[in-house]
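Colleague: quick check, what structure comes out for this input:
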Amino acid sequence: VLSHPVEEIIEYAPQEEWSLGAIPASRPTKYSKVEVYNATAYDASPADNGIWAGKTSTGMPLVYGVVAVDPRVIPYGTKMYIESVDGQFVYGYAIAGDCGGAIKGKKVDLFFPSRSTCYQFGRRPVRIYFLD
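Modeller: Numbers count the residues shown, from 1 in each chain. Reported below is the predicted structural model:
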C-alpha cells in the first residue's frame, strides 16, 4: 500500500462562465428562477426590423444571444439561459438587449443571424433560466 485513501475535496471543477451566445454542455446550476415563455425568432433584416434593421433599442450590437423582451417583464441586461420546453432546441446564454412592438408580457424574440434559422426555429415555448 503506497498511501491510504483520504476523504477530502482537493479541487472543484471550473464553473462554466457566462458568455453571450455560448451553448454550454449542460444547463446552468446557479439561477434565481425558471419560467416558460412563448418565443419567436428574428434577424437583422429590414423585413423584421424596418428602419431599425441591425440595431437594438439599447444600442447593443445585434448578435446571436441578444433577446428582445418586454422590459417591464424582463429588465434590460438580464442574463438568461434559454432552451425549448420540448428539449429539441438549445439557444444557450442570452441577454435582454432589445424590445419589439409585438413583444408584450411573457413573450421573447430570439435573434438569429439568418432568415432560414428563424424559419427553422419558428414559434415555440421556451424555458428561461434567469441567471444569478
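Colleague: nearest spatial neighbour of residue 57, skipping sequence neighbours?
Modeller: If you skip the residues right next to it in sequence, residue 57 has residue 99 as its closest partner in space, 4.9 Å away by CB to CB, 6 or more residues apart in numbering. C-beta: built from backbone N, CA, C; applies to glycine.
Colleague: surely the one you found touches residue 66?
Modeller: No: Residue 99 is beyond contact range of residue 66, at 11.0 Å (criterion: CB atoms under 8 Å).
Colleague: in contact with residue 1, which residues?
Modeller: For residue 1, no residue meets the contact criterion (CB atoms under 8 Å, 6 or more residues apart in numbering).
Colleague: residue 119 in helix, strand or coil?
Modeller: Assigned state for residue 119: helix (three-state reduction, DSSP: H, G, I helix; E, B strand; the rest coil).
Colleague: okay, now it: neighbour count?
Modeller: 11 (other CB atoms under 10 Å).
Colleague: OK, contacts around residue 19?
Modeller: Contacts were defined as CB under 8 Å, 6+ apart; by that measure residue 19 touches residue 93.
Colleague: shouldn't it be within a strand?
Modeller: No: the assignment for residue 19 (three-state DSSP) gives coil, which keeps it out of a strand.
Colleague: can you check the pLDDT for it?
Modeller: The model reports residue 19 with a pLDDT of 83.
Colleague: could you do the one 3 residues further on as well?
Modeller: The model reports residue 22 with a pLDDT of 85.
Colleague: same thing with the one 3 residues further on?
Modeller: Per-residue pLDDT puts residue 25 at 83.
Colleague: swap in residue 131?
Modeller: Here the pLDDT value assigned to residue 131 is 94.
Colleague: which ones are touching it?
Modeller: With contact taken as CB under 8 Å, 6+ apart, residue 131 is in contact with 18, 28, 30-32, 79-81, 93.
Colleague: may I see the residues you listed arranged in JSON lines, with neighbour count, distance to residue 39 and secondary structure as well?
Modeller: Supplementary listing: the contacts of residue 131 in JSON lines, determined by neighbours: other CB atoms under 10 Å; distance: CB to CB, whole Å; DSSP: H, G, I helix; E, B strand; the rest coil:
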{"residue": "18", "neighbour count": "17", "distance to residue 39": "20", "secondary structure": "coil"}
{"residue": "28", "neighbour count": "17", "distance to residue 39": "18", "secondary structure": "coil"}
{"residue": "30", "neighbour count": "10", "distance to residue 39": "23", "secondary structure": "coil"}
{"residue": "31", "neighbour count": "15", "distance to residue 39": "18", "secondary structure": "strand"}
{"residue": "32", "neighbour count": "8", "distance to residue 39": "20", "secondary structure": "strand"}
{"residue": "79", "neighbour count": "17", "distance to residue 39": "17", "secondary structure": "strand"}
{"residue": "80", "neighbour count": "25", "distance to residue 39": "11", "secondary structure": "strand"}
{"residue": "81", "neighbour count": "23", "distance to residue 39": "13", "secondary structure": "strand"}
{"residue": "93", "neighbour count": "22", "distance to residue 39": "15", "secondary structure": "strand"}
